[in-house]
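Engineer: Kindly generate the corresponding structure for this input.
(2 chains)
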Amino acid sequence: MNTVWVRLNAVVFFGLTVLLGLALMTATSTYLHEGHPTVKTLRLNKIKSFRSQSKVDRAIINFDLEADLAPAFNWNIKQIFVFVVAEFATKTNPLNQIILWDKIIEKPEDARLNLKKMHVKYGLIDQREELKGTDVTLHLYWDHMPLTGRLYTHSVAEDTFTLPMEYIRPGQQV
Amino acid sequence: MDIVDKQVVELKKLWKNKRQLAFQGLNLAMIVLSALMIWKSLMVVTRSESPVVVVLSGSMEPAFQRGDILFLNNQDDPIRVGEVVVFKIKDRDIPIVHRIMKVHEKPDGTVEVLTKGDNNRVDDRGLYAPGQLWLQREDILGRARGALRYVGMVTIVLNDYPALKYVLVGIMGLFVLTNKEA
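Structural biologist: Coordinates of the predicted model:
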């Protein structure tokens, strides 16, 4: 019929098919990639504060983290989102998970983490006043965010500590 | 203008040949309905009312940019911390893609979650409905399971210029109708 339009249509359609095919191949090429990152330490360093404010318990902690997440990278990773999670059970909620600290890592060179006495970004905050004497487990998660393809997360549980039976008064040494 | 004239001639011919007209009309309907079927089956498989979404803001940059497409899954597995989810606030049309930063699960299995964009400085309470502190399970349309880049720019452009949408659909429909090799 009309050659210009037919050809344009063919070129665009073929181009899109090729791009889609390449995207699919990229996505599947790293499907079986197992990075085996090493997490050497993740532990509580210090409970900085622990109090009740506006009817909810909140604690601020420092933590140590030594991990090498560089092996988790492959050519289809745009960024690794690494975060520290506090997990605990209270009377009201059998499961609570709270992100305490997170970081966007865009290059493998930045993936070697060696943090000492790191201050959390977000407080350890309960929904009520039930944190006294609670066992808290720290987990390290890393979320693989691809250029194209599937998103997946790995995690390890590292350290468990118990919050004190009493609130910490400001200035009190612990 | 030559192109337009030819199309008009083709349409006139088509109008005279009723059998051919019916055939081409059915062809067009087939294409539209196939697309609809694929979309609806995806909804069934993923259990999400919107299995594919376009990222509209930069709040998850650099992971997701405006125009990226996300594939969602809304199966019943429990919602956990760190998952990237798409949620909708009541009485607001635009779904938001953010990460879950707090999960509180009750004894009966219901959850209350708080979200935050990776690229935002504060959590999402300011985005929620007035007085709303937590998201419930039913606010969540699905978790992001896969990403495809740039494709969503097409929908963004079409939504920004609605006239373009009708022009494009019209041209495509015309070509399907007048395409004779079928």
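
Engineer: Let me see the domain layout of chain B.
Structural biologist: B:15-46+B:155-178, B:52-150 (automatic domain parsing).

Engineer: Quick check: end-to-end length of the first one?
Structural biologist: Meaning domain B:15-46+B:155-178. One end of domain B:15-46+B:155-178 sits 10 Å from the other (C-alpha to C-alpha, to the nearest Å).

Engineer: is any part of it close to chain A?
Structural biologist: Yes. Domain B:15-46+B:155-178 reaches chain A (C-beta under 8 Å from any C-beta of the partner chain) through B:Phe175, B:Thr178. C-beta: built from backbone N, CA, C; applies to glycine.

Engineer: Please give the centre-to-centre distance between that domain and its chain.
Structural biologist: Chain-centre distance of domain B:15-46+B:155-178: 17 Å, with C-alpha atoms, centre = their mean, to the nearest Å.

Engineer: nearest residue to A:Tyr141 other than its sequence neighbours?
Structural biologist: Closest residue to A:Tyr141 apart from its sequence neighbours, by C-beta to C-beta, 6 or more residues apart in numbering or on different chains: A:Ser155 at 4.2 Å.

Engineer: tell me, what residue is most central in chain A?
Structural biologist: The residue lying closest to the centre of chain A (C-alpha atoms, centre = their mean) is A:Phe83, at 2.9 Å.

Engineer: Look at that one and tell me its secondary structure.
Structural biologist: At A:Phe83, secondary structure determined by DSSP: H, G, I helix; E, B strand; the rest coil is strand.

Engineer: May I have the beta-bridge partners of it?
Structural biologist: In this structure, A:Phe83 bridges to A:Asp102, A:Tyr141 when assessed by DSSP bridges.

Engineer: wait, what's in contact with it?
Structural biologist: By C-beta atoms under 8 Å, 6 or more residues apart in numbering or on different chains, the residues touching A:Phe83 are A:Ile99, A:Leu100, A:Trp101, A:Asp102, A:Lys103, A:Leu140, A:Tyr141, A:Trp142, A:Asp143, B:Gly82.

Engineer: Can you tell me which of those is nearest A:Gly123?
Structural biologist: Distances from A:Gly123 to the contacts of A:Phe83, taken as C-beta to C-beta, are shortest for A:Leu100 (7.9 Å).

Engineer: In terms of helices and strands, where is the closest one?
Structural biologist: strand A:95-105 (DSSP states H and E).

Engineer: What of B:Asn159?
Structural biologist: helix B:153-160.

Engineer: which parts of whichever helix or strand comes after that helix are buried?
Structural biologist: Sequence-wise, the next helix or strand downstream of helix B:153-160 (DSSP H and E) is helix B:162-178. Judged by neighbour count (16 or more other C-beta atoms under 10 Å in any protein chain shown), helix B:162-178 contains these buried residues: B:Phe175, B:Val176, B:Leu177, B:Thr178.

Engineer: what's the angle between helix B:162-178 and helix B:153-160?
Structural biologist: Computed by axes from the mean of the first three to the mean of the last three C-alpha atoms, to 10 degrees, the angle separating helix B:162-178 from helix B:153-160 equals 110 degrees.

Engineer: Any chance you could list what contacts helix B:162-178?
Structural biologist: In contact with helix B:162-178 (C-beta under 8 Å, 6+ apart) are residues A:1, A:5, A:9, B:7, B:10-11, B:14, B:24-25, B:27-28, B:31, B:157-159.

Engineer: Looking at those residues, which one is closest to B:Arg66?
Structural biologist: B:Val157 (11.3 Å).

Engineer: neighbours of that closest one, just the number please.
Structural biologist: 12 (other C-beta atoms under 10 Å in any protein chain shown).

Engineer: The top strand by length along chain A close to chain B?
Structural biologist: Identified as the longest strand of chain A according to DSSP state E is strand A:38-53. No. Counting by C-beta under 8 Å from any C-beta, no contacts exist between strand A:38-53 and chain B, the nearest distance being 15.0 Å.

Engineer: check which helix or strand covers A:His145.
Structural biologist: Rather than His, residue A:145 is Met. Going by DSSP H and E, A:Met145 is in strand A:135-146.

Engineer: returning to what we had before: run through who's touching the helix holding B:Asn159.
Structural biologist: B:Val54, B:Leu56, B:Arg66, B:Gly67, B:Leu164, B:Lys165, B:Leu168.

Engineer: If you count neighbours, what's buried in it?
Structural biologist: B:Thr155.

Engineer: How far off centre is that helix?
Structural biologist: For helix B:153-160, the distance to the chain centre is 11 Å (C-alpha atoms, centre = their mean).

Engineer: any idea of the mean pLDDT for that helix?
Structural biologist: Helix B:153-160 carries an average pLDDT of 90.

Engineer: returning to what we had before: any idea which of the contacts of helix B:162-178 is the one closest to B:Arg92?
Structural biologist: Nearest member of the contacts of helix B:162-178 to B:Arg92, counting by C-beta to C-beta, is B:Asn159, at 16.1 Å.

Engineer: gap between that closest one and B:Met172?
Structural biologist: To B:Met172, B:Asn159 is 17 Å away according to C-beta to C-beta, to the nearest Å.

Engineer: And for B:Ala129?
Structural biologist: 40 Å.

Engineer: just to revisit the earlier point, can I get the buried residues of helix B:162-178 in CSV including pLDDT?
Structural biologist: Formatted as CSV, those follow (pLDDT from 0 to 100):
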residue, pLDDT
B:Phe175, 77
B:Val176, 76
B:Leu177, 76
B:Thr178, 74
